[in-house]
Each structure stands twice: as C-alpha cells, then as structure tokens.
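In: return a 3D structure for these sequence lines:
(4 chains)
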There are 2 protein chains.
Amino acid sequence: MATIKDVAKEAGVSIATVSRVINNVGKVGEKTRSNVIAIMNKLGYTPDANARALKTQKSSTIGVVIPDISDPFFSSLANGVEEVASSKNMQMLLSTGKMSAESELKAINLLVEQRCDAIVLHSKFLSDDVLVSLSDKIPGLIFIDRFIDEVSDKCIWLDNFEGGKIAARHLLALEHKNVAFINSNYDIDDPKLRLGGFEEIVKSFDLSINSKLKVNNEPTLKGGELAAQELLAQAENFTSVFAYNDAMAIGAISVFEDNGYKVPNDISIIGFDDVLLSKYSRPKLTTLRYPIAEMANHAAQRAIDYSSNDVPLKSELKYIPSLVKRESTTRLIRG
Amino acid sequence: MATIKDVAKEAGVSIATVSRVINNVGKVGEKTRSNVIAIMNKLGYTPDANARALKTQKSSTIGVVIPDISDPFFSSLANGVEEVASSKNMQMLLSTGKMSAESELKAINLLVEQRCDAIVLHSKFLSDDVLVSLSDKIPGLIFIDRFIDEVSDKCIWLDNFEGGKIAARHLLALEHKNVAFINSNYDIDDPKLRLGGFEEIVKSFDLSINSKLKVNNEPTLKGGELAAQELLAQAENFTSVFAYNDAMAIGAISVFEDNGYKVPNDISIIGFDDVLLSKYSRPKLTTLRYPIAEMANHAAQRAIDYSSNDVPLKSELKYIPSLVKRESTTRLIRG
DNA sequence: CTGAAAGCGCTAACAG
DNA sequence: CTGTTAGCGCTTTCAG
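Out: As a prediction, this is how the structure comes out:
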C-alpha cells in the first residue's frame, strides 16, 4: 500500500507538500498540487487513518455499544448514530455488549482502545459507579436509555414511568377495567418503571391489577406467547393487556387468536417501542413510540460536542413516549 | 490518557518491559509483571490501537458495508460479521453504502483508510470492473450477495435463480395455475434472476405468467401494498403470488385481506428472505430462507483468511435458499 | 510556496 | 530477564 513517502518521491516533492494537498491546507502551487494529485491516483494512495489518528489524537471515529445488532430496536439506534457519523465524515465502530456487565465493559474497552472520539453507550448491566468513573475518563461518552443523576448531562433517556402511565390512561379511557400486564423478566429498571407508571394510573382510578394477571417472561415474541398462555391459564377475566414491548405483544396476540379470542374485540392489547414490526403485524399494533433513532442521533451529536469541548446546546435529554393508536385496542364491548 | 511511557516511568522500568506485559509475550519477572499491571490499573492505562496498528500494520478490525443498518436483512448480515469479529477479538467497523455507486465507493474508502484487515462488502451498484480492481488492491475483501466471475473465490452469494425455481415448484405443486409476480423495481440482478427462475419452471409446466400479473414496485412494505392494489385492479384471475421479498409479501397480504380475500384460502403467497417479520406476520409467511447471517459469518471468516494469507478452506461459496413452509400458502381450493 | 525534522504511542529486533 | 533504539505513516511547526 502506497505511503505518503512514495507519493512524495514519485512527485519529486517533500512529504510535507503531499500532506498539504491531502488535507487541502496551506499554500501549494497549482501545478504542484495537480501533479501530486495525479501521482496519488496513479499509485492508488489512500491515507492511513491510524497514522493520522496517532499524530492528531483524533480518530474521526464514533463508537456504539448495543446488546445485539440484529434486534430491530438496536439497529434503529445504530442507524441514528450512523446518520450523524456519515454526515460528519466519521466512521462508526460497533461493539456488542451482549447481556452482561462483563461483555459491556469489554465492548467499551475495545472502543476506548480505538480512541473513538465519541461513544454512545447502551448499558443496562454495568453499575452506576462504574459508568460514572467511565464518564470521568472519557469526555465524549454519552449514555443512552439510562439515567444517572451524577452525570445527568450525559444521559439521553426515555421516561418509562410516564410510558406506563400513558398506556394505562389509554386502556382505561377505553373503559377496560380488567387489565393484565405482560412484563419482561429482565432484572433491569425499565420493566419496573413501566409497571410502576401503569399501576399508578390504575390506582388513581380506584382499580387494581389482579396479581394473577401480572406475568413475566423473556421480552421476545416467544416470551410473549408463553406469557399469554400463562394469562389464559389463570382463568381470570381480563379484556386488555399492556405488553412490555411489541415483540411480546405480537406473540401474545397470536396465542389469543389461536385460542379463539379476537383482538381487539375480545382483548385489547398495547405494546411498547413501535418497532417496524408493529406496522407489519395484523391487527396493526397500538403501541407507544420510543423515538430511539432520534435519541441516538441526539446522543451522537452530543457525544461529539463533548469530545471536542464544545458546550452542547441546551436541550431536553428526557424523551416521552407517544401513543400510536392503531388497530389492536378498542373500546370495551360490553357482553 | 496515560501512555506506555507514563506506565514505564511510574513503574521504574523500560517501555519495552511494559509492552511485554501488555502483550503477554517474552520473559518478564513475576514481580516486575505484577507491579506493572498494578501501575497500569492505577493509571487507567489503555493501549492505543492506532499506534499499535501503525506499528504492526494490522488493525484487528473488520469492516462491513451495507446499504442500511435498520433494514432487518442487513442487520442480520452485520450480526453475522460481528459474531466472528468478537470471537477473534476484532473490532467491527460499519459503513453504509446507501443505494448508489458513489456512496458505496465512499464507504469502502473509509474502511480502507482505517486499514481494516478484512472487509465484507455488499455492493449492488458498483460495476464488476471497479470491484475487481478493488479486489486486487485489498487482499481481505470479500463480496457478499454478488457473483463476479473473475474473482469468484471472493464471492459469497445466493442462487436467486434457483430461488425463483423453488418458489414456482412450491406453488405449482399446490396446483396453482394462475400465478402473479410482485417484483422489486430496482435495476439490479436479483429481481431478474428470481423472475427468471420462476418463469423457467412455470414454462416447464406448459404454463405462463399473464403479463398483466407481473408488477413492480419498491421492495418495501409500502411497495407491496401498491403492487397488490395494482394486481387487484387488473381484474385478472390469480390464486397465488410470488413476492420479491417478505416485506412486499406482507404488504400485499394486508391489501388482499382488506379487500376481502383470505390468505391463503383465496390467495396463496410466498415471500423471500425469511426475515424476522415473516414469523411475526399473520398468517405466518411461507417464504424462502436466505441464510444471510451464516453467509456473512462465512464471508467474514474468509476475508480474515485472505487478509492473513491463509488459504481459506475449500468450501461452497454458493448458497441455495430453502423453502420454509408456514401458513400463507395452501393447496388450491377449487371453486 | 516548499522542505527538514520532530514526534504521536507502540512493537520488535538487538544487545546485554 | 530487561533496556535501547529504530521506525510504522502522518501532521505540523519552523526555516527558508
């Protein structure tokens, strides 16, 4: 692979001059410039980003840590970051944090080794303490989908509690009194918050959720199916369901329908996330929109700002999910 | 950020020694080693991958270019690459090639600047010539979803023609005589090949596709809806549809059902890709499985082999899609 | 307008 | 077992 030296020699100039034309800085004679460019093309010269990064101490690189790229929610997140990366001519590095503190840490470490200027981190398993000390070490580090008080300026997050409340209000406004809750069984905050918000509203209506109608499972299609089966097995009345996410909601719908219940006429169901799937499913899923791509976009911008010591624009870091009314919920039909 | 020099000074040893403990090579006294490690932790030292890459001329980095991460098909591809990256402690760089030759080229160039050891390239818009010359320049470059004769050893691809044949055989075996074809309107090979294979089998049954029943649109959910409307507007008989991909198939299903046709009883429909969606849709979609994650895995492996001058194991580079029978196709019910 | 030279952080002989 | 040193490819003063 040709180096700057090869180009300089072939063009009969110094490497300083070549560097100037590469970066389009300083004064270079028009003839020299065009000659150098010609030689670069001839030699197929491509600058070495590693050498450049070493010298300048900036890598033009932005890292992202997510648990799993193939999950549509996280690929939207990655997409949001990628948009700003490519708009700034930066390169995106992707590391997967799987589902453990250990691999999250490893993923970040790889990114730090690469000296990413900015990093967008989705971490659910590392403790606040670890994250705070990471934040001290890495100026351009932004946390997404997580709120930590000590570093609140670095957190872009969604109000899950409020999400739960919105879902509850929607179902109750549709006159459903017997609500069920299909939750994720992951030991992280989000499921607790969504349930918390949901229950708060339910209680404010002087109602409650039958504890047999609160079931947990993996936050996946399959988990939703299993949870729905469990719900049906309880032989308790319910006319509406709040599912932790769209995947679970869709799994649940298929079980309900296979058991002869119509959605939404017999059972209304609302999901969370508004991933692509919710539009593809039939009936189309009513859900709460989680604007993850915008949030990721914002996070990436902000990470870059911090990394370059720009003061980020004042902006709201908390996002509120919004209700997307589609076909899977309807007013209670009285028997 | 602490450097190797800082660590050496603080530990009272030479940088060579520090380097040895970092890389765990050569002989280092047990006491020295543990002391150095302690200092590294104390200083929060993280080696600089750029400096290392510059020196060793290996970046431990694998690049991928895909048009769009948020598309589930491509995120599966990325996921396949990521698996091998993390298993080899390499870092994955992702560049999006959008949908134009220009941006594909730009994406690759960014990866070359980063001196990725291996690159998995999904290109549909660059010409064979350009790709071949790229291949000459970059040893660890593998093409995925593309076949180019001159560099056939570097191509991991799916036999789209055969896919069309399999779909046709399936529909015809179900006794459908009036088949429709919803195709992608992209000017790339895949749509032509799938149609070609499909028609070959149809003809071999002494049948043909009514040309009014061949419609094109964007290969998306929306495109599938529009195509289905167009099909319905033809007022021609058809009892089965082969859709270019799952997204189009699902879009078409929703239009058919909204117009009072039952799938599969009135209209059978088969998709292509077997992306996650196909399991989530109702009825569950019969489709052709495109083993993109395995292919990407294979491609990444092979790219790494080539980049390190290992001779890759002899292996089949051509993949054949396989029929996944679910609920959206059924035997023709005679009126 | 152009060149010489230092040095970014690291690895890998080589010498001891 | 440990240290010295050259140099990877590039940018950036500083001279000229």
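
In: could you list the domains of chain A?
Out: Recorded structural domains for chain A (assignment: automatic domain parsing) are A:1-45, A:48-158+A:293-318, A:160-290.

In: export these to CSV and append columns for mean neighbour count.
Out: Bear in mind the C-beta positions are built from the backbone N, C-alpha and C, glycine included. What follows is the domains of chain A, written out as CSV (neighbours: other Cβ atoms under 10 Å in any protein chain shown):
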stretch, mean neighbour count
domain A:1-45, 15
domain A:48-158+A:293-318, 20
domain A:160-290, 21
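
In: which residue is it, in chain A, that comes closest to DNA strand D?
Out: With Cβ to the nearest atom of the strand, the shortest gap between chain A and DNA strand D falls at A:I4, namely 2.9 Å.

In: wait, A:N178 sits on A:N237?
Out: Yes: under the criterion of Cβ atoms under 8 Å, A:N178 is in contact with A:N237, at a separation of 5.0 Å.

In: what helices or strands is whichever strand or helix holds A:V120 leaning on?
Out: Using DSSP states H and E, the secondary-structure element containing A:V120 is strand A:118-121. Counting contacts by 3 or more Cβ pairs under 8 Å, 6 or more residues apart in numbering or on different chains; DSSP states H and E, the secondary-structure elements packed against strand A:118-121 are strand A:61-66, helix A:101-113, strand A:141-144, helix A:292-307.

In: go through those and name the closest to DNA strand C.
Out: DNA strand C lies closest to helix A:101-113 among these, at 8.6 Å (Cβ to the nearest atom of the strand).

In: tell me the helices and strands packed up against the closest one.
Out: The criterion is 3+ Cβ pairs under 8 Å, 6+ apart, and the helices and strands that helix A:101-113 contacts are strand A:61-66, strand A:91-96, strand A:118-121, helix A:128-137.

In: and the helices in the stretch 151-300 of chain A?
Out: Along the stretch 151-300 of chain A, the segments classed as helices by DSSP state H, counting those that start in this stretch run A:160-173, A:189-204, A:221-233, A:246-258, A:277-280, A:292-307.

In: mean pLDDT lowest where, among the ones you listed?
Out: Among these, helix A:277-280 carries the lowest mean pLDDT, a mean of 78.

In: helices or strands up against that one?
Out: Packing contacts for helix A:277-280, counted by 3+ Cβ pairs under 8 Å, 6+ apart, involve helix A:246-258, helix B:277-280.

In: can the longest one be found next to chain B?
Out: This means helix A:246-258. Yes: counting by Cβ under 8 Å from any Cβ of the partner chain, contacts between helix A:246-258 and chain B involve A:247, A:250, A:253-254, A:257.

In: how about the closest residue to A:M1 other than its chain neighbours, what does it touch?
Out: What sits nearest to A:M1 in space, not counting adjacent residues and going by Cβ to Cβ, 6 or more residues apart in numbering or on different chains, is A:T46, at 7.2 Å. Remark: with contacts taken as Cβ atoms under 8 Å, 6 or more residues apart in numbering or on different chains, A:T46 is in contact with A:1-2, B:109, B:112-113.

In: any idea which element the residue sitting nearest the centre point of chain A lies in?
Out: Among the residues of chain A, the smallest C-alpha distance to the mean C-alpha position (Cα atoms, centre = their mean) belongs to A:L77, namely 3.7 Å. Taking DSSP H and E as the criterion, A:L77 maps to helix A:72-87.

In: widest-spaced pair of the contacts of A:T46?
Out: Of all pairs drawn from those, the greatest distance, 14.3 Å, lies between A:A2 and B:N109 (Cβ to Cβ).

In: what residues does the stretch 201-335 of chain A put near chain B?
Out: By the rule Cβ under 8 Å from any Cβ, the part of the stretch 201-335 of chain A lying against chain B is A:221, A:247, A:250, A:253-254, A:257, A:276-277, A:279-282, A:293.

In: again, only this time at 10 Å
Out: Selection of the stretch 201-335 of chain A residues close to chain B by Cβ under 10 Å from any Cβ of the partner chain yields A:221-222, A:246-247, A:250-251, A:253-254, A:257-258, A:275-285, A:293.

In: pLDDT score for the closest residue to A:S75 other than its chain neighbours?
Out: Using Cβ to Cβ, 6+ apart and skipping the chain neighbours, the partner closest in space to A:S75 is B:S75 (4.0 Å). Looking at B:S75, its pLDDT is 95.

In: any idea how far A:K31 is from B:S75?
Out: In this structure, B:S75 lies at 49 Å from A:K31, with Cβ to Cβ, to the nearest Å as the measure.

In: and stretch A:294-312, does that touch DNA strand D?
Out: No: in terms of Cβ under 7 Å from any atom of the strand, no part of stretch A:294-312 sits within range of DNA strand D; the closest distance is 13.6 Å.

In: CA atoms of that stretch as CSV?
Out: C-alpha atoms of stretch A:294-312 as CSV (Å, rounded to 0.1, in the frame of the first residue of the first chain):
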residue,chain,number,x,y,z
GLU,A,294,-33.9,10.4,17.1
MET,A,295,-32.5,9.8,20.6
ALA,A,296,-29.5,8.1,19.1
ASN,A,297,-29.0,10.9,16.7
HIS,A,298,-29.1,13.4,19.6
ALA,A,299,-26.7,11.2,21.7
ALA,A,300,-24.2,11.0,18.9
GLN,A,301,-24.3,14.8,18.3
ARG,A,302,-23.9,15.4,22.0
ALA,A,303,-21.1,12.9,22.3
ILE,A,304,-19.2,14.7,19.5
ASP,A,305,-19.8,18.1,21.1
TYR,A,306,-18.4,16.9,24.4
SER,A,307,-15.4,15.2,22.8
SER,A,308,-14.4,18.5,21.1
ASN,A,309,-15.0,20.5,24.2
ASP,A,310,-17.9,22.4,22.6
VAL,A,311,-20.6,23.1,25.0
PRO,A,312,-23.6,21.2,23.7
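
In: the residue nearest to A:M1 and B:K106, how far apart?
Out: Look at A:T46 and B:K106: by Cβ to Cβ, they are 12 Å apart.

In: please apply the same query to A:L141.
Out: When Cβ to Cβ is the yardstick, A:L141 and B:K106 sit 28 Å from each other.

In: equivalent analysis for A:N265, please.
Out: Distance, A:N265 to B:K106, using Cβ to Cβ: 52 Å.

In: could you do A:L174 as well?
Out: Remark: distance between A:L174 and B:K106 (Cβ to Cβ) = 50 Å.

In: so stretch A:5-24, near DNA strand C or not?
Out: Yes: with Cβ under 7 Å from any atom of the strand as the criterion, DNA strand C is reached by stretch A:5-24 at A:12-17, A:20.
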